[in-house]
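A.B. asks: sharing a model that was predicted from the sequence below.
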Amino acid sequence: MGDLISNLSLGFSVVFAMVPVDLPGIGVVPLPMNIFLCFVGCLVGTLIGVLPGVGPVASIAMLLPITFKFDPVGALIMLAGIYYGAQYGGSTTAILVNIPGEATSVVTTLDGHQMARRGRAGVALGIAAIGSFFAGCVATVTIAALGAPLTKLALIFGPAEYFSLMVMGLVFAVVLARGSILRAGAMIFFGILLSTVGTDLETGQERMTFGLQFLSDGIDFAVLAMGLFGIAEILRNLDHTETRDVVKQTIGRLLPNLQDFKDSAMPILRGTFIGGTLGILPGNGAVLGPFASYTVEKKLAKDPRRFGQGAIEGVAGPESANNAGAQTSFIPLLTLGIPPNAVMALMVGAMTIHGIVPGPQVMTKNPNLFWGMIASMWVGNLMLLIINLPLIGIWVRLLKVPYRLMFPAILMFCCIGIYSINSLPTDVFFIAGFGVVGYALIKFGFEPAPMLLGFVLGKLMEENLRRALIISRGDMMTFIERPVSAGLLLVAIVLLAIALLPSIRKSRDEVFTEA
């Protein structure tokens with residue numbers, strides 16, 4: 001307990017540290033830069049969640065070039081704020097416009113918008129913010145408590161165990177991905193294939209470069225991410241006619257009454273537990289949390305017919321699960337170096353760009369980064385509570401901005417941002433090409449997120465596979481002879497086999513459509 005308190009003290013000292021900043025015309029002035037970046041991340045995240053068609057994956061991909069100008073700790077604090085801030089903002093759009101600003105806010109539209117149509121929009125927004133704040137605080141405590149033990153456990157992992165862990169993580173990603181298991185698996189293999197493009201560091205041989213010099217260093221992570229999610233998202237949003245059913249009723253009071261709190265207390269607790277647990281899974285468990293929470297609340301309700309008609313439990317539970325899952329998904333990233341979803345894959349890319357190797361060494365070699373990010377989540381949750389509720393009038397006005405007025409600026413920002421990294425015109429053409437590929441994948445029912453996970457983990461898997469085989473002198477049995485490695489592979493095989501059973505596949509599909 002004493003170690004935890006001292007570590008958290010370190011984290012808060014990092015967050016509130018005064019950093020000397022050279023301001024033009026003024027000189028060097030000490031400023032709380034990390035607090036400022038946390039606030040910017042939360043504000044931008046809320047804005048992203050509020051504006052339909054701009055998700056955190058696309059936004060973080062577009063903002064990666066900006067982070068080069070900041071200290072790694074501040075940059076990652078800002079990116080983390082964007083991620084969990086978008087979860088808050090997505091509920092505003094879901095309740096007021098009946099459009100989920102985020103995939104995890106889909107369930108909130110069912111009862112949240114009905115509450116808004118009945119003149120209870122303020123109560124729905126209030127309970128969503130309170131539930132999210134509570135869940136975020138609990139999830140942050142969970143990260144702080146589990147961080148050190150998991151890191152110590154991860155330090156006993158060798159190359160064989162890491163390879164098996166990544167295989168299990170990719171299997172989880174396949175099973176928990178929305179849509180067909182076969183398509184999700186194909187996307188992961190495609191991502192792994194793309195990760196092998198470039199010069200082999202062991203042999204010096206070029207692989208799949210087709211004689212093109214600019215491919216000799218491989219495909220840049222920022223280029224792939226910005227194309228697949230930034231440009232493809234623009235094309236997808238321009239593809240369909242935009243309709244927004246903004247509620248005409250007044251927002252009303254934001255603070256729920258005593259009965260609302262009584263009805264919401266247990267759903268918030270259950271949602272926090274469900275979302276927090278699923279968020280830890282090395283797959284896309286954070287997305288599954290709100291759906292699972294809604295299903296549980298509907299089955300536990302005395303009158304399930306109320307759901308879909310404006311039941312406050314249908315907002316409180318999923319919104320708590322949403323935010324808890326968003327924050328506990330940092331656990332496998334910070335302790336094991338395994339990204340559980342596309343956003344965390346982008347965080348791995350940001351850490352790598354800043355010269356930080358994701359994994360258990362982060363806590364020992366970069367304690368300021370590890371505990372600074374955890375402390376920033378507490379500060380960020382408080383900021384989000386302040387940002388969301390008092391400024392609700394501004395968010396309502398922003399909801400009326402047509403997407404056709406936003407996309408030229410987003411497109412320009414993508415091009416300028418990607419060009420600023422390496423000053424290569426080919427990078428701009430690449431993001432356009434990957435944007436078209438990403439759009440085509442979406443149109444044909446393929447989810448691009450598993451492909452990004454495959455790309456990030458592909459390089460790490462190859463590296464650990466080679467190390468394990470060098471140590472064992474080419475003996476593939478090393479992955480089975482080592483107990484931890486064998487156990488992880490067994491879990492992956494059993495999970496995949498179960499997921500392929502017809503009855504389980506049907507139940508899996510129903511989880512996303514149950515509500």
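C.D. replies: Structure's in. What do you need?
A.B. asks: where do the helices of the stretch 401-515 of the chain begin and end?
C.D. replies: 403-422, 425-443, 449-471, 478-481, 483-499, 502-513 (DSSP state H, counting those that start in this stretch).
A.B. asks: for this structure, which helix is longest?
C.D. replies: The longest helix of the chain (DSSP state H) is helix 121-154.
A.B. asks: beyond that helix, next helix or strand please.
C.D. replies: helix 159-176 (DSSP states H and E).
A.B. asks: the closest residue in space to residue 478 that isn't next to it in sequence: neighbour count?
C.D. replies: Take residue 478 and drop its neighbours on the chain: the residue closest to it by C-beta to C-beta, 6 or more residues apart in numbering is residue 472, 3.7 Å away. Placement of C-beta: from N, CA and C, glycine included. Neighbour count of residue 472, defined by other C-beta atoms under 10 Å: 16.
A.B. asks: now swap in the one 10 residues further on and tell me
C.D. replies: The burial count assigned to residue 482 is 20, neighbours taken as other C-beta under 10 Å.
A.B. asks: how far away is the residue sitting nearest the centre point of the chain from residue 169?
C.D. replies: The centre of the chain sits closest to residue 343, judged by C-alpha atoms, centre = their mean, with a distance of 3.5 Å. Distance of residue 343 to residue 169, given as C-beta to C-beta, to the nearest Å: 15 Å.
A.B. asks: same thing with residue 231?
C.D. replies: On the measure of C-beta to C-beta, residue 231 and residue 169 end up 27 Å apart.
A.B. asks: equivalent analysis for residue 299, please.
C.D. replies: 30 Å.
A.B. asks: show me which of the two is the more surrounded one.
C.D. replies: Taking neighbours as other C-beta under 10 Å, residue 299 and residue 169 compare with residue 169 leading, 23 against 10.
A.B. asks: quick check, the more buried one in contact with residue 457.
C.D. replies: Yes: judged on C-beta atoms under 8 Å, residue 169 makes contact with residue 457 at a distance of 6.8 Å.
A.B. asks: joint contacts of those two?
C.D. replies: Between them, residue 169 and residue 457 share these contacting residues under C-beta atoms under 8 Å, 6 or more residues apart in numbering: residue 338.
A.B. asks: all strands for the stretch 201-350 of the chain, in order.
C.D. replies: For the stretch 201-350 of the chain, the strands defined by DSSP state E, counting those that start in this stretch occupy 206-207.
A.B. asks: quick one, helices of it?
C.D. replies: 221-225, 232-239, 258-280, 285-300, 313-328, 330-336, 342-353.
A.B. asks: deepest-packed of the ones you listed, please.
C.D. replies: helix 313-328 (a mean of 33; mean count of other C-beta atoms under 10 Å).
A.B. asks: that one packs against which elements?
C.D. replies: Here helix 313-328 touches helix 72-97, helix 108-117, helix 121-154, helix 258-280, helix 285-300, going by 3 or more C-beta pairs under 8 Å, 6 or more residues apart in numbering; DSSP states H and E.
A.B. asks: those: which one's closest to residue 15?
C.D. replies: Among the helices and strands packed on helix 313-328, helix 72-97 comes nearest to residue 15, with 7.4 Å by C-beta to C-beta.
A.B. asks: which strands and helices sit next to the closest one?
C.D. replies: helix 33-50, helix 56-63, helix 108-117, helix 121-154, helix 313-328, helix 342-353, helix 367-388, helix 392-398.
A.B. asks: nearest to residue 90, of the ones you listed?
C.D. replies: Using C-beta to C-beta, these put helix 33-50 closest to residue 90, at 3.9 Å.
A.B. asks: alpha carbons of the closest one, as CSV, please.
C.D. replies: Provided in CSV are the C-alpha atoms of helix 33-50 (Å, rounded to 0.1, in the frame of the first residue of the first chain):
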residue,chain,number,x,y,z
MET,A,33,2.3,21.9,-19.4
ASN,A,34,1.0,18.4,-18.6
ILE,A,35,-2.1,19.8,-17.0
PHE,A,36,-2.6,22.0,-20.1
LEU,A,37,-2.1,19.0,-22.4
CYS,A,38,-4.5,16.9,-20.4
PHE,A,39,-7.2,19.6,-20.6
VAL,A,40,-6.6,20.0,-24.4
GLY,A,41,-6.9,16.2,-24.8
CYS,A,42,-10.1,16.0,-22.8
LEU,A,43,-11.6,19.0,-24.7
VAL,A,44,-10.6,17.7,-28.1
GLY,A,45,-11.9,14.2,-27.2
THR,A,46,-15.2,15.6,-26.1
LEU,A,47,-15.5,17.6,-29.3
ILE,A,48,-14.6,14.5,-31.3
GLY,A,49,-17.3,12.5,-29.5
VAL,A,50,-19.9,15.2,-30.0
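A.B. asks: who are the packing partners of that helix?
C.D. replies: helix 2-15, strand 19-23, helix 56-63, helix 72-97, helix 367-388, helix 392-398.
A.B. asks: the third one versus helix 449-471: what angle between them?
C.D. replies: For helix 56-63 and helix 449-471, the angle between their directions (axes from the mean of the first three to the mean of the last three C-alpha atoms, to 10 degrees) works out to 70 degrees.
A.B. asks: for the fourth one, same thing?
C.D. replies: Relative orientation of helix 72-97 versus helix 449-471 (the same axes, to 10 degrees): 150 degrees.
A.B. asks: now residue 56: closest residue in space, sequence neighbours ignored.
C.D. replies: Distances taken as C-beta to C-beta, 6+ apart put residue 86 closest to residue 56, at 4.1 Å, once the chain neighbours are dropped.
A.B. asks: now swap in residue 311 and tell me
C.D. replies: What sits nearest to residue 311 in space, not counting adjacent residues and going by C-beta to C-beta, 6+ apart, is residue 111, at 5.0 Å.
A.B. asks: ok, now which ones touch that neighbour?
C.D. replies: Contacts of residue 111 (C-beta under 8 Å, 6+ apart): 124, 307-315.
A.B. asks: compare the helices of the stretch 401-515 of the chain and give me the one nearest residue 274.
C.D. replies: helix 502-513 (11.9 Å).
A.B. asks: what is the rounded mean pLDDT of the closest one?
C.D. replies: Here helix 502-513 scores 58 as its mean pLDDT.
A.B. asks: I'd say the residue nearest to the centre of the chain and residue 61 touch.
C.D. replies: No: taking contacts as C-beta under 8 Å, residue 343 lies outside contact range of residue 61: 9.6 Å.
A.B. asks: please tell me how far residue 212 sits from residue 200.
C.D. replies: 16 Å.
A.B. asks: and if you look at residue 174?
C.D. replies: Going from residue 174 to residue 200 by C-beta to C-beta gives 27 Å.
A.B. asks: which one of these two has more residues nearby?
C.D. replies: Neighbours were counted for residue 174 and for residue 200 using other C-beta under 10 Å; residue 174 has more, 26 against 11.
A.B. asks: now do the contacts for the more buried one.
C.D. replies: 181, 184-185, 188, 283, 450, 496, 499.
A.B. asks: run the last query once more with 10 Å
C.D. replies: Contact partners of residue 174, counting by C-beta atoms under 10 Å, 6 or more residues apart in numbering, are 180-188, 283-284, 450, 453-454, 492, 495-496, 499.
A.B. asks: where does residue 57 land on pLDDT?
C.D. replies: With respect to pLDDT, residue 57 has a value of 72.
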